[in-house]
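*Asks:* sharing a sequence plus its predicted fold:
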Amino acid sequence: QLQASGGGLVQPGGSLRLSCAASGFTLHYYAIGWFRQAPGKEREGVSCIRSSDGNTYYVDSVKGRFTISRDNAKKTVYLQMNSLKPEDTAVYYCARTRACGIEYDYWGQGTQVTVSS
């Protein structure tokens, strides 16, 4: 199971940290990705962190603002989001995969992020 949390309402320029808590499987064997879906738009991959070496990947629109990290001991993956913009408003989901860039086989429920003044 994957449980995403940490969403909320924040003003432009603000920060949020999302958490993705894993249970029922061994987190360190899997890469974890964050995705988002805004109303009327397709789901977009935001970031991914590998299991083997912790290498990270970001979509261009969040580079330099978002940071993905993992704590395998706590079975949790985080997405630190800084300098938030209204266009970051979306439901954010975490999902697991054997490797970033291939099919994700398990998805958590989403957490809403709203960036608005």
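*Replies:* Happy to help now that I have it.
*Asks:* G8 against T114, yeah?
*Replies:* Yes: using CB atoms under 8 Å, G8 is in contact with T114, at 7.3 Å. Where you see a C-beta, it was placed from the backbone N, CA and C, and this is true even at glycine.
*Asks:* identify the contacts common to the two.
*Replies:* Residues touching both G8 and T114 (CB atoms under 8 Å, 6 or more residues apart in numbering): none.
*Asks:* kindly state the pLDDT recorded for G54?
*Replies:* Looking at G54, its pLDDT stands at 85.
*Asks:* next, count neighbours for it.
*Replies:* 12 (other CB atoms under 10 Å).
*Asks:* can you tell me the closest non-neighbouring residue to it?
*Replies:* Of all residues not flanking G54 in the chain, R70 sits nearest, at 6.7 Å (CB to CB, 6 or more residues apart in numbering).
*Asks:* I68 now?
*Replies:* In this structure, I68 finds its nearest non-sequential neighbour in S47, 4.3 Å apart by CB to CB, 6+ apart.
*Asks:* avg pLDDT for the helix or strand encompassing the one you found?
*Replies:* Applying DSSP states H and E as the criterion places S47 in strand 44-49. Strand 44-49 carries an average pLDDT of 97.
*Asks:* neighbouring contacts of that strand?
*Replies:* Residues from elsewhere that reach strand 44-49, judged by CB under 8 Å, 6+ apart: 31-37, 55-59, 62, 66, 68-70, 77, 79, 90, 92, 97, 100-101.
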